[in-house]
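>>> Sequence and computational prediction follow.
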Amino acid sequence: MEAEESPGKPPEYVLHLYITGVTPNSTRAVRNIKDICEQYLPGRYELLIVDIYQQPEKAQDEDLIGMPVLIKRSPGLVRRLVGDLSDRQRVLAALGLPPEATTSR
Amino acid sequence: MTSFIPGLPQLPKAPTGIEGLDEITEGGFPLGRPTLVCGSAGCGKTLLAIEFLVRGIQEFHEPGVLMTFEETADELAANVASLGFDLPALQAQKLLKLDHVHVDRSEIEETGEYDLEGLFIRLGHAIDSIGAKRVVLDTIEALFSGFPNEGVLRSEIRRLFRWLKDKGVTTIITAERGEGSLTRQGLEEYVSDCVILLDNRVIDQITTRRLRIVKYRGSTHGTNEYPYLISEEGISVLPVTSLQLRHDVSDEVVSSGIPALDDMFGRRGWYVGSSILITGTAGTAKTTLATAFAHEMCRQNKRCLFFAFEESPQQLVRNMRSVGMDLQPCVDSGLLHIEAARPTLNGLERHLVTIHRLVKQLKPEAVVIDPISNLVSVGNIAEVRSMLTRLIDYLKVNGITALFTSLVSGRNIQQEMTEEGVSSLVDTWISVRDLEGVGERNRGLSILKSRGMAHSNQVREFLVTEQGIRLLDVVIGPSGIVTGASRLTQQIQEQALAAAHQQELDRRDRELERKRRVLEATIANLRTEFESVEDELRKINDEELTREQALALGRQQVARAFPTEKNPNPAGDGNHA
């Protein structure tokens, strides 16, 4: 488990990423979410990465099925983003961020 | 429970503990392998699966994991609490682990490649935490509604089953019945070891539940469709044909309640624990005969259970009072329990459940069902037969004497009963019928069969009197056994005949006497005749003698007158005379 927090005021985005060890999907998911956070939410997020191989009881508590999964706790409704987060448009839409084309570059 | 050919290795099985199911699967589900239970809505898939788990815990000490995809743990616990399954308590004892997998399409966003490792981890964790041997997945198809990527799902489900097999847990996977296939998502493709199909069918407005083993790899199994019940005690499959005839028998005999009827049996009654069938047309006192038996049981201080499908208890008590049987004290003392219900009130299976429950509860020594023919109105003949087979076997195994009455139509009595097929199930079969003569009907009773006992072959007329049932002596007329008014006529005729015969006898006696007297008179006559002849002869003889003497005397006198002439010897007495 590792947590990356920006200091100061409480973070706007609370994201929990559950992974399964170092499977390709999981490592891709970690890379992708870090990318997105750094690019779109610098300083506005709290990211918690949990390896459920280490904490199997979490799987039931968090009702995990498809892996890896990113759970967006806030803001807004709780959303579950299943997969390696490589579909960036979808990830952004689910996180309530404007689509890539208009915001970046 | 099942008989295996010794020496042959058998597929290891996990007994389900579900009544009847272990018999048709010959021991249970394949041990350590997945079993698919499929069926349409409301046929008890979840219940069967949960019962498998709970019985596994209670009877075989195998902890279990229940993973539900539809109902939450609380809902499930509430649903099965009515069956006496206390899921929270089992959870507290760490014998059962419940895990509700919530699948909500609206919460889930696919953002790339994924697998269902989460499910594996949850399941693995649950299994390991309590050392589970049994797992139920109810209903895994729900995943298809949450995850749109079918390719991933299918490969993951295949992997899951493989993984469960490797784990060595006996698994039940439930699935909804699909159109044209066993399951909606074709799960039978992945579970190839054992597939059980549940079916809920409505025929003629009556629902029957049926179970069939579609396949069972590596094992023989019952192949029929078996009706099953969902009762207060859970699921009960009715494996009619696989039930084995292996119950203990009693050598004791119990009275039928009618002494004259007892006399018709070689051992004065029928065996304890046997089944008796009384068939007859309408109004032939079947109920009265049945009640007489129930009354007799109560009189002997034995508990009796009476199922009346035609009369209410009060009506039965009142009606039987008119024939000299007061049931009220028996009912009051609790020896007699009358359970009355219209057959159409419930389906057949429900009736069977009621009977089972009451028998279990009251532990009677005799059960009377009056009449079984009414049950045909709630099921077809085959179903009634299978129910009765099951019932009779159940009662026999428990050593309970069972008496059934059955209404048959006036014609073809034999044929009808063969159709219903009950006759071959019962040990003793008494037939009561109308003996219709000129202008009157009489009741006749005969024993069609009585296994293991000599019995009378006569058709006996009987009367229902205020003192109960009375069997009359057999009267045989010129054209067979006669009854009723003809019986009286016959008796009068016979009396007249007997009188005439007596008179004839008397007349002959008198004749003989006369003849004897005549003979004696003749003899006397002859004797008199003989005596007179004898007299005559004697008289003649005397006269002859007298004459000769006279002649001799005369000669002497003559000789004395001329003494010299012819007498050379003058010496002698003549000189001195």
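Received the coordinates, thanks.
>>> CA atoms for contacts and neighbours, from now on please.
Noted.
>>> Show me which residues of chain A are close to chain B?
A:20, A:25, A:52-53, A:56-57, A:59-60, A:63-68, A:78-88, A:90-91, A:94 (CA under 8 Å from any CA of the partner chain).
>>> rerun that using 7 Å as the cut-off
Proximity of chain A to chain B, by CA under 7 Å from any CA of the partner chain, involves residues A:25, A:56-57, A:59-60, A:63-68, A:79-87, A:90-91.
>>> What's the ChimeraX line that selects buried ones from those?
Restricted to buried positions by 16 or more other CA atoms under 10 Å in any protein chain shown, the ChimeraX selection for those reads:
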select /A:25,56,57,59,60,63,64,65,66,67,68,79,80,81,82,83,84,85,86,90,91
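>>> What about the residues of chain A next to chain B, which are in strands?
Among these, the ones falling in strands (DSSP state E) are A:79-82.
>>> what helix or strand does the nearest residue in space to residue A:84 that is not next to it in sequence sit in?
Once flanking residues are discounted, residue A:84 sits nearest to residue A:29: 4.2 Å by CA to CA, 6 or more residues apart in numbering or on different chains. Using DSSP states H and E, residue A:29 falls within helix A:24-40.
>>> so how far is the helix or strand just after that helix from its chain's centroid?
Proceeding N to C from helix A:24-40, the next assigned helix or strand is strand A:45-51, under DSSP H and E. Counting by CA atoms, centre = their mean, to the nearest Å, strand A:45-51 is centred 7 Å from the centre of its parent chain.
>>> can you give me the mean pLDDT across strand A:45-51?
In this model, strand A:45-51 carries a mean pLDDT of 91.
>>> got it, and stretch B:26-33?
89.
>>> which residues are contacting that stretch?
Stretch B:26-33 is contacted from outside by B:2, B:12-16, B:22, B:35, B:165, B:168-171, B:221, using CA atoms under 7 Å, 6 or more residues apart in numbering or on different chains.
>>> rerun that using 8 Å as the cut-off
By CA atoms under 8 Å, 6 or more residues apart in numbering or on different chains, the surrounding residues in contact with stretch B:26-33 are B:1-2, B:11-16, B:21-22, B:35, B:133, B:164-165, B:167-171, B:193-194, B:220-222.
>>> List only buried entries from these.
Neighbour-count burial (16+ other CA under 10 Å) applied to the contacts of stretch B:26-33 gives B:13-16, B:21-22, B:35, B:133, B:164-165, B:168-171, B:193-194, B:221-222.
>>> residue contacts, residue 99?
I went with chain A, as the question did not name one. Residue A:99 neighbours (CA under 8 Å, 6+ apart): A:89, A:92-93.
>>> wait, I meant chain B there
For residue B:99, counting by CA under 8 Å, 6+ apart, the contacting residues are A:60, B:65-68, B:73.
>>> what about the strands in the stretch 151-300 of chain B?
For the stretch 151-300 of chain B, the strands defined by DSSP state E, counting those that start in this stretch occupy B:170-176, B:194-203, B:206-216, B:225-231, B:234-237, B:253-254, B:270-271, B:275-280.
>>> can I get the ones you listed in TSV with mean pLDDT and distance to chain A?
As requested, the strands of the stretch 151-300 of chain B are exported to TSV (pLDDT from 0 to 100; distance: least, CA to the nearest CA, whole Å):
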stretch	mean pLDDT	distance to chain A
strand B:170-176	91	17
strand B:194-203	86	26
strand B:206-216	83	30
strand B:225-231	80	32
strand B:234-237	81	29
strand B:253-254	90	63
strand B:270-271	90	61
strand B:275-280	88	56
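>>> Using a markdown table, lay out these together with distance to residue B:438.
Compiled in a markdown table, those are given as follows (distance: least, CA to CA, whole Å):
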| stretch | distance to residue B:438 |
| --- | --- |
| strand B:170-176 | 66 |
| strand B:194-203 | 45 |
| strand B:206-216 | 45 |
| strand B:225-231 | 49 |
| strand B:234-237 | 52 |
| strand B:253-254 | 38 |
| strand B:270-271 | 35 |
| strand B:275-280 | 21 |
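>>> any idea which helix or strand carries the closest residue to residue B:232 other than its chain neighbours?
Excluding its sequence neighbours, the residue lying closest to residue B:232 (CA to CA, 6+ apart) is residue B:83, at 5.2 Å. Of the helices and strands defined by DSSP H and E, none includes residue B:83.
>>> Would you agree residue B:83 is in contact with residue B:233?
Yes: look at residue B:83 against residue B:233 with CA atoms under 8 Å: they come within range, at 5.5 Å.
>>> residues in contact with the closest residue to residue B:96 other than its chain neighbours?
Using CA to CA, 6+ apart and skipping the chain neighbours, the partner closest in space to residue B:96 is residue B:64 (5.0 Å). If you count contacts by CA under 8 Å, 6+ apart, residue B:64 has them with B:53-54, B:56-57, B:95-97, B:127, B:130, B:132-136.
>>> neighbours around residue 28, how many?
Let's take chain A. Neighbour count for residue A:28, taken as other CA atoms under 10 Å in any protein chain shown: 19.
>>> hm, I was asking about chain B
There are 20 residues near residue B:28, going by other CA under 10 Å.
>>> Spit out the contact partners of the residue nearest to it when sequence neighbours are not counted.
Of all residues not flanking residue B:28 in the chain, residue B:15 sits nearest, at 4.0 Å (CA to CA, 6+ apart). Contact analysis of residue B:15 by CA under 8 Å, 6+ apart lists B:22, B:27-29, B:56.
>>> Phi, psi for residue B:15 please.
Residue B:15 adopts backbone torsions of phi -60, psi 140, taken as degrees, to the nearest 10.
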